[in-house]
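> Here is a sequence with its predicted model. Questions after.
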Amino acid sequence: MKNRLFLLLPLLLGVAPTVPALAQAVTKPAVAAASPDPLQPVQVLDASCGQCRLGLPGQSCDLAVRLNGQAYFVDGTHIDGHGDAHAEDGFCQKIRQAQVQGEVVNGRFVATYFRLMPDAAKGR
């Protein structure tokens, strides 16, 4: 009886016990570095909202790049990490240029470096 009470006590207190053996392993995507790796080439790619501008499927707005004519969702940085995506110069309104390093893994571009270049239209 004490064992059962011990198991129910956290539930009654609103604290769920952690059971690592039953939890799914969630791998957190790598975060793009603040500076490029000098040993890897830096590419300048189109960057925009995958759904609004690059024709990728989905219901939300997610950052994507176009590499060799093919669009890929980006892991390692987030669409909101580069300003308001729905602003006049945001990713959902324009295709921008970005300096990137990374590679395509399982159909997604895993960015190890991502730097949005200044909007050329703003300088005019």
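All right, it came through fine.

> where does V100 sit relative to L39, distance-wise?
Shown here: V100 relative to L39, a distance of 15 Å by CB to CB, to the nearest Å. Just so you know, the C-beta spots here come from the backbone N, C-alpha and C atoms, and that holds for glycine as well.

> neighbour-wise, which of those two wins?
V100 (25 against 6; other CB atoms under 10 Å).

> Give me the sheet partners of the helix or strand hosting that one and which way each runs.
Using DSSP states H and E, the element containing V100 is strand 96-105. Taking DSSP bridges as the criterion, strand 96-105 pairs within the sheet with strand 43-49 (antiparallel), strand 108-116 (antiparallel).

> Relative to A85, which of the ones you listed is closest?
Distances from A85 to each of the strands paired with strand 96-105 were compared by CB to CB, and the smallest falls on strand 43-49, at 6.1 Å.
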